[in-house]
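Participant: Need coordinates for the following:
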Amino acid sequence: MQKTLYTREYQQMLMLLRERRIHAEMSQAELAKRLEWTQAEVSKCETGVRRLDVIELKLWLDALDSDMSAFVRDLFK
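Facilitator: Alright, predicted model coming up:
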């Protein structure tokens, strides 16, 4: 079984997260500050080096003032 980190769907999720951050006109550093993470951790998540769990995904979207249910709909349309 292929690890989900390398699937097309996971890569699509990462692309949507980056797009949402850019649309919010927020740098990785600003997002990291809101999450109380480092900029390097945000970068690793966006590039697929570090995996996000569902709780972290919710925190990430909250930091972007983005709705998780809308994000999931966009991901699977």
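Participant: Walking through this protein, point out its helices one by one.
Facilitator: 8-23, 28-35, 39-46, 54-63, 68-75 (DSSP state H).
Participant: From His23, how far out is the residue positioned nearest the centre of the chain?
Facilitator: The residue lying closest to the centre of the chain (CA atoms, centre = their mean) is Leu17, at 3.9 Å. As judged by CB to CB, to the nearest Å, Leu17 and His23 stand 11 Å apart. Any C-beta I mention is one placed from the backbone N, CA and C, and that applies to glycine too.
Participant: what do you get for Gln11?
Facilitator: Gln11 is 19 Å from His23, where distance means CB to CB.
Participant: Including mean pLDDT, could the helices of the chain go into JSON lines?
Facilitator: Formatted as JSON lines, the helices of the chain follow (pLDDT from 0 to 100):
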{"stretch": "helix 8-23", "mean pLDDT": "95"}
{"stretch": "helix 28-35", "mean pLDDT": "98"}
{"stretch": "helix 39-46", "mean pLDDT": "98"}
{"stretch": "helix 54-63", "mean pLDDT": "98"}
{"stretch": "helix 68-75", "mean pLDDT": "96"}
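Participant: I'd like the distance from stretch 55-75 to the chain centre, please.
Facilitator: 8 Å (CA atoms, centre = their mean, to the nearest Å).
Participant: need the contact list for Leu64.
Facilitator: Arg20, Arg21, Ala24, Met26, Leu31 (CB atoms under 8 Å, 6 or more residues apart in numbering).
Participant: Which pLDDT does the model give it?
Facilitator: Here, the pLDDT recorded for Leu64 equals 97.
Participant: same deal with Lys3?
Facilitator: With respect to pLDDT, Lys3 scores 67.
Participant: Show me what counts as buried in stretch 54-62.
Facilitator: Residues of stretch 54-62 classed as buried by neighbour count (16 or more other CB atoms under 10 Å): Leu57, Leu59, Trp60, Leu61.
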